[in-house]
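1. Take this sequence and fold it.
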Amino acid sequence: MTAAPRPPEQARPMVGPASPTDRSAVEALLKAAALPLDGLDDAWARLLVARDDQGAVVGAAGLERHDDVGLLRSVVVAPPWRGRGVAGALCAQVIARARGEGIGAIHLLTTTAEAWFAARGFRALPRSDLPAALAGSAELTGACPASAVAMVLESGTP
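-> Numbering: from 1, shown residues only. All right, here's what the predicted structure looks like:
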């Protein structure tokens with residue numbers, strides 16, 4: 001299997017809402033990155049995708065809303081696009097939309113990207129400190145391993 005070619009340096013994907021026709025592409029990205037599909041339906045209404053200039057999905061990030069708190073999930077970028085600011089652009093737009101909906105704190109679980117999220121204002125917290133409103137999320141009921149680090153971006157943090 002050959003790796004996909006790296007896009008030109010000046011290439012910038014367009015970020016926008018996911019459509020139903022994006023489902024298989026998003027699921028393929030998540031599976032390839034060993035990220036959970038459980039609960040994806042809960043985030044689909046707030047899922048954003050990044051598309052290359054041909055319209056192919058090259059990244060995704062979603063948000064589950066639970067009362068007035070959010071759970072950032074399914075942040076994934078196709079390997080040829082990593083290190084190009086795609087995840088940052090996706091997360092920034094998901095967070096901006098969440099803030100626009102009145103969602104205060106935004107939480108996440110990660111097994112691999114604690115430093116990346118910390119550099120963007122998230123801080124680690126004990127899993128036991130996650131809001132009770134998130135208890136029903138598939139991410140917390142088994143989709144993510146118990147070893148995943150819980151993090152939060154407080155309201156008022158861009």
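
2. neighbours of Val49, just the number please.
-> 24 (other Cβ atoms under 10 Å). (Each C-beta comes from the backbone N, C-alpha and C, glycine too.)

3. what's the pLDDT at it?
-> On pLDDT, Val49 comes in at 98.

4. tell me the phi and psi of it?
-> phi -120, psi 150 (degrees, to the nearest 10).

5. Was I right to think it contacts Val26?
-> Yes. Assessed by Cβ atoms under 8 Å, Val49 is found in contact with Val26 at 6.6 Å.

6. got any residues that touch both of those two?
-> Counting by Cβ atoms under 8 Å, 6 or more residues apart in numbering, the contacts common to Val49 and Val26 are Ala18, Val57, Ala60.

7. Using CSV, list the CA coordinates for stretch 73-90.
-> Extracted C-alpha coordinates of stretch 73-90, given in CSV (Å, rounded to 0.1, in the frame of the first residue of the first chain):
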residue,chain,number,x,y,z
ARG,A,73,-14.5,14.5,19.9
SER,A,74,-13.5,12.8,16.7
VAL,A,75,-10.6,15.2,15.9
VAL,A,76,-8.9,13.5,13.0
VAL,A,77,-6.8,14.5,10.0
ALA,A,78,-5.6,12.3,7.1
PRO,A,79,-1.9,11.6,7.3
PRO,A,80,-0.8,13.7,4.3
TRP,A,81,-2.5,16.7,5.8
ARG,A,82,-1.1,16.4,9.3
GLY,A,83,1.2,19.2,10.5
ARG,A,84,-0.6,21.7,8.2
GLY,A,85,-2.9,23.4,10.7
VAL,A,86,-6.0,21.4,9.7
ALA,A,87,-6.8,20.1,13.2
GLY,A,88,-6.2,23.6,14.6
ALA,A,89,-8.6,25.1,12.0
LEU,A,90,-11.2,22.4,12.7
